[in-house]
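J.: sequence plus predicted model, see below.
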Amino acid sequence: MSPRTAEHMTWHQSHDAVDGVMVHPSDGEAWKHFNSVHPHFSAESWNVRLGLCTDGFNPFGSFASPYSCWPVKLTVYNLPPGMCMRTEFMFLSIVIPCPSSPVWNIDVCLQPLIDELA
């Protein structure tokens, strides 16, 4: 990580939040709940927080074909809003190819990623 990026990795803890205004995931209730449930993790602002996003698409462009691909991206949420949504801070971690939606067993598909991150 570059020194310029590293200096922004604690932004989520040092920014001034305005009540009722959400400009970053750290302003949300889920983030605050996570902090209360895991105080040891949240006490260290350098701990990396990741957002996981996935959505499927048909690579053949035809709804008649049952095949789909599900890219899984990770985003670093420690960074300020103007940085955390830039492509250089989004990481394509997995591509799940499957004949249909993996919704019912997505946890099985994500387990290698979880193991690697742990």
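T.: Sure thing, it's come through. Please read these numbers as outputs of a predicted model, since none were measured by experiment.
J.: C-alpha only now, for contacts and for neighbours.
T.: OK.
J.: mind checking the SS state of residue 97?
T.: On the three-state scheme (DSSP: H, G, I helix; E, B strand; the rest coil), residue 97 is labelled strand.
J.: show me what it is bridged to.
T.: Counting by DSSP bridges, residue 97 forms beta bridges with residue 69.
J.: now do the contacts for it.
T.: Residue 97 sits next to 67-70 when contact means Cα atoms under 8 Å, 6 or more residues apart in numbering.
J.: and residue 73, what element?
T.: Assessed by DSSP states H and E, residue 73 sits inside strand 68-76.
J.: other residues contacting the very next helix or strand once past that strand?
T.: Per DSSP H and E, strand 68-76 leads on to helix 81-84 as the next helix or strand towards the C-terminus. The contact list for helix 81-84 (Cα under 8 Å, 6+ apart) reads 23-24, 75-78, 89-90.
J.: what's the answer for stretch 8-27, then?
T.: 28, 31-32, 45-46, 48, 77-81.
J.: got the end-to-end distance for it?
T.: 17 Å (Cα to Cα, to the nearest Å).
J.: what's the answer for stretch 12-25, then?
T.: 9 Å.
J.: again, but for stretch 14-31
T.: 14 Å.
J.: in it, what's buried?
T.: For stretch 14-31, burial by neighbour count (16 or more other Cα atoms under 10 Å) applies to 24-27.
J.: out of those residues, who's nearest residue 113?
T.: Closest approach between these and residue 113, by Cα to Cα: residue 25, at 22.0 Å.
J.: so what pLDDT did the closest one get?
T.: Looking at residue 25, its pLDDT reads 87.
J.: can you check residue 64 too?
T.: Note on residue 64: pLDDT of 64.
J.: most neighbours among the contacts of stretch 8-27, please name it.
T.: residue 78 (25 neighbours; other Cα atoms under 10 Å).
J.: can you pull the buried residues of the least confident helix or strand in the chain by mean pLDDT?
T.: Lowest by mean pLDDT, DSSP states H and E among the helices and strands of the chain is helix 11-14, with a mean of 82. Of the residues in helix 11-14, 11-13 count as buried by neighbour count, 16+ other Cα under 10 Å.
J.: I am finished for the moment; much appreciated.
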